[in-house]
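> after the sequence you'll find the predicted model.
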Amino acid sequence: MNPSILNRQFQHPADGWYQIEALGEHPNAESKVIQVLDFDAASSIVACFNTDAKAGNLRHGHEMLVDHEHFSDQPDQETRAYGWLQELQSRADGIYGRIRWTATGQAAVDGGDYRFFSTEYLPKDLDPLPAADPHPSGITNRVRPMRLAGLTLTNMNNNLGQKPITNRENPGQSFAGACAQASVQNQNNQNKTRMKSIATKLGLTAEASEDAILAEVSKLQNRLTELQPMAEEVITLRNRVRALDESSVDALLAAHGITDSKVLNRMKPILTGMPIADRQAFLDECLPKPVPSQEAPQSAGAQVKLYNRDTKPPKEHGKNKANADATAIMNRARALQKETPNLSTATAVIMAQKEMEETNPN
């Protein structure tokens, strides 16, 4: 029986990511080193490449040339691009890359002309490692690659264990059909993941139905509509409270006879930011205490000449009256607080001031 003739194309990875390096220890007889491709190496290679690609610091800007058989570094050979490496990703089994194939490269890998990648590392990007047990190859020098310098297509790759670039596709399914199916499946998986995240964010279970999610969203929209007027009302109330608070501070300062504009400008911000219950005590501590008179007391029988002429300047009358008014306001405020124990000092001062203005309008 004659064998069947199969003309199927080679199949690319469904997610578009190709393994360019497998983890492990890879001996290089030409360089006489063991390349240790472990998690640290993969993390460094991926991070360095992606950072340089994003910044446009690669040899060709934002992408790395993918040639064949390392020809681009040989002056007598062509530098044709078979593809452009755009991004790297570290996975449990190695380093994967996303590649933009050229027409030449696409034809070469679709037809199976090239099946593997060969990586390049510069000596300056190889970290030496402590010596270990001799490798079966007899090589003792061990290095860890930290940055990718080049990538090429080959069928004679040195670092074994790498997955082929393409594999034979499943019978009865075209390459285009496989890609389309993979794309749809990937999109569906992403949508399911998003819906699960939204559901848990709304306080539902990850498996909640679409109707349940929409119901919760509607509740939030209705709640937002209800809260909008309340937010405006809160702003209005805050402005009123701020105005009343500033008025109470003005009254408290006036009650203590503080009229100097410089002192007022310094004291008002301090008192406004302070709890109402602490303002009176603060002023009592800050304001100077009256100094007792040092004059010798007059004896009961001493003869004192009386002068019935006012020797103080006229402006003192107003100051004395302001001090007397302030004292009267504070006395009345304390009386009001005794009558109403929960009444704050600031409120009591304002009430006392209003009573005095109504009693003595002039």
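Perfect, I can see it now. Numbers count the residues shown, from 1 in each chain.

> quick one: the strands in the stretch 101-250 of the chain?
Remark: strands assigned in the stretch 101-250 of the chain by DSSP state E, counting those that start in this stretch are 116-120, 126-129, 142-145, 150-154, 167-168.

> what pairs with the fourth one, parallel or antiparallel?
Which is strand 150-154. Here strand 150-154 is paired, per DSSP bridges, with strand 64-68 (parallel), strand 116-120 (antiparallel).

> pLDDT of that strand, averaged?
For strand 150-154, mean pLDDT is 91.

> can you check the first one too?
For strand 116-120, the mean per-residue pLDDT is 90.

> now do that strand: distance to the chain's middle.
Relative to the centre of its chain, strand 116-120 is centred 38 Å away, using Cα atoms, centre = their mean, to the nearest Å.

> in it, which residues are buried?
Phe116, Phe117, Ser118, Thr119 (16 or more other Cβ atoms under 10 Å). Where C-beta positions appear, they are placed from N, C-alpha and C, glycine not excepted.

> tell me where the model's unsure across the stretch 201-350 of the chain.
Counting by pLDDT under 70, the stretch 201-350 of the chain contains low-confidence ranges at 286-323, 341.

> tell me the spacing between the most centrally placed residue in the chain and Met195.
Residue closest to the average C-alpha location in the chain (Cα atoms, centre = their mean): Lys201, at 18.7 Å. Distance, Lys201 to Met195, using Cβ to Cβ, to the nearest Å: 11 Å.

> got it, and Asp284?
According to Cβ to Cβ, Asp284 and Met195 sit 64 Å apart.

> ok, those two, which is more surrounded?
Legend: neighbour count by other Cβ atoms under 10 Å for Asp284 and Met195, higher for Met195 (16 against 10).

> surely the more buried one touches Ile213?
Yes - shown here, Met195 and Ile213 form a contact pair, counting by Cβ atoms under 8 Å, at 7.0 Å.

> doesn't Leu88 belong to a strand?
Yes - assessed with DSSP: H, G, I helix; E, B strand; the rest coil, Leu88 lies in a strand.

> pLDDT score assigned to it?
We have a pLDDT of 95 for Leu88.

> that one bridge partners, please.
For Leu88, the beta-bridge partners are Gly97 (DSSP bridges).

> that one touches Tyr96, doesn't it?
Yes - the criterion here is Cβ under 8 Å, and Leu88 meets it with Tyr96 at 7.0 Å.

> intersection of neighbour lists for the two?
Common contacts of Leu88 and Tyr96, defined by Cβ atoms under 8 Å, 6 or more residues apart in numbering, comprise Ile20.

> am I right that Asp15 is in a strand?
No - Asp15 is assigned coil when assessed by three-state DSSP, not a strand.

> what's around it, how many residues?
Asp15, neighbours per other Cβ under 10 Å, totals 12.

> same thing with the one 10 residues further on?
Number of residues near Glu25 (other Cβ under 10 Å) recorded here: 15.

> what's near enough to touch it?
Contact analysis of Glu25 by Cβ under 8 Å, 6+ apart lists Ile34, Gln35, Val36, Leu37, His135, Arg142.

> need the helices for the protein, in chain order.
Ranges of helices in the chain, per DSSP state H, are 39-55, 103-110, 175-201, 210-255, 261-272, 276-286, 315-339, 345-359.

> closest to Leu65 out of these?
Closest to Leu65 of the helices of the chain is helix 103-110 (Cβ to Cβ; 10.7 Å).

> now what about the closest one, what contacts it?
Outside helix 103-110, the residues within contact range by Cβ under 8 Å, 6+ apart are 9-10, 12, 66, 68, 80-83, 99, 101, 113-115, 153, 165-166, 175.

> got the domain boundaries for the protein?
Domains of the chain are assigned by automatic domain parsing as 10-168, 192-225, 227-288+314-359.

> now do the end-to-end distance for the last one.
Yep, that's domain 227-288+314-359 we're talking about. Taking Cα to Cα, to the nearest Å as the measure, domain 227-288+314-359 stretches 45 Å from start to finish.

> relative to the whole chain's centre, how far out is it?
Taking mean C-alpha positions (Cα atoms, centre = their mean), domain 227-288+314-359 and its chain are 44 Å apart.

> check the first one too.
If you compare the mean C-alpha spot of domain 10-168 with that of the full chain, they lie 34 Å apart, counting by Cα atoms, centre = their mean.

> please renumber the chain so that the first residue is 29 from this point on.
Done: numbering now begins at 29, and the last item shifts to domain 38-196.

> dump the strands paired with strand 178-182 into JSON lines; add distance to Asn85 as well.
Output for the strands paired with strand 178-182, formatted as JSON lines (distance: least, Cβ to Cβ, whole Å):
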{"stretch": "strand 92-96", "distance to Asn85": "11"}
{"stretch": "strand 144-148", "distance to Asn85": "17"}
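
> indicate which one of those strands is closest to Ala380.
Nearest to Ala380, of all these, is strand 92-96, at 82.7 Å by Cβ to Cβ.
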